[in-house]
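S.K.: Can you look at this prediction? I've put the sequence above it.
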Amino acid sequence: MAEDVRLDGDGVVLRQWSERDLAQLVAIFDHEEMAYRLPVAAPFDLAAAEAYLITARRAQEAGHRIYLAITSGDDLARGEVMLNFAGRTIGYAVGPAHRGQGLASRALRLITRYAHSVAGLPTVYLDIEADNAGSAAVARSVGYRPAGGEPAFVEDKGRRYALHRWTHTEPSPPAT
């Protein structure tokens with residue numbers, strides 16, 4: 001799974017991050033809410049963006065994960081989707097300046113389709129905090145459903161929080 005991945009559909013393009021995106025990585029992730037919700041450096045400056053890009057490339061080269069920039073027409077990165085192959089989990093984030101355009105739903109739909117049809121993962125998961133209504137709405141719009149069960153507790157930057165699992169199963173082909 002270390003090949004370059006580029007997904008195009010529904011008005012979005014998911015593509016590899018590159019050095020030309022460093023300033024945009026900072027613009028997306030150097031925000032109070034992003035630091036609160038995501039395990040990223042805070043503040044997220046140019047050095048953090050460079051380290052993030054190196055980590056993303058190494059994870060992809062090792063076949064563990066892919067990190068893709070969410071773009072729309074003009075190639076400007078507006079957010080990110082990530083697929084963790086071993087954990088079968090997907091993560092997504094859209095920069096605060098780019099919300100309200102349906103980018104997260106469209107990007108999640110594309111990466112979910114890729115996970116099922118190309119990566120061969122019949123079931124994929126999202127982990128969402130209970131109070132993250134925006135993320136839950138995105139998940140529902142793409143067909144994810146709460147999995148139930150106990151949440152996973154995580155500690156990051158001195159904050160302990162619960163992540164609730166959501167699931168998406170590859171649709172069965174129609175009966176013939």
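M.R.: Yep, it's here.
S.K.: If you count neighbours, what's buried in the top strand by length along the chain?
M.R.: Of all segments of type strand in the chain, defined using DSSP state E, the longest is strand 159-169. Neighbour counts over strand 159-169 (16 or more other CB atoms under 10 Å) mark 161, 163, 164, 165, 166, 167, 168 as buried. For glycine as for every other residue, the C-beta is placed from the backbone atoms N, C-alpha and C.
S.K.: The fifth one reaches residue 141, doesn't it?
M.R.: No - Residue 166 is beyond contact range of residue 141, at 11.8 Å (criterion: CB atoms under 8 Å).
S.K.: Which residue ranges of the protein form strands?
M.R.: 7-9, 12-16, 65-71, 79-84, 89-94, 123-128, 145-146, 152-156, 159-169.
S.K.: For the third one, give the mean pLDDT please.
M.R.: Strand 65-71 shows an average pLDDT of 96 in the prediction.
S.K.: Does that strand pack against any helices or strands, and if so which?
M.R.: Other helices and strands packing on strand 65-71, by 3 or more CB pairs under 8 Å, 6 or more residues apart in numbering; DSSP states H and E, are strand 12-16, helix 46-61, strand 79-84, helix 103-117.
S.K.: low pLDDT regions in this protein?
M.R.: 1-2, 172-176 (pLDDT under 70).
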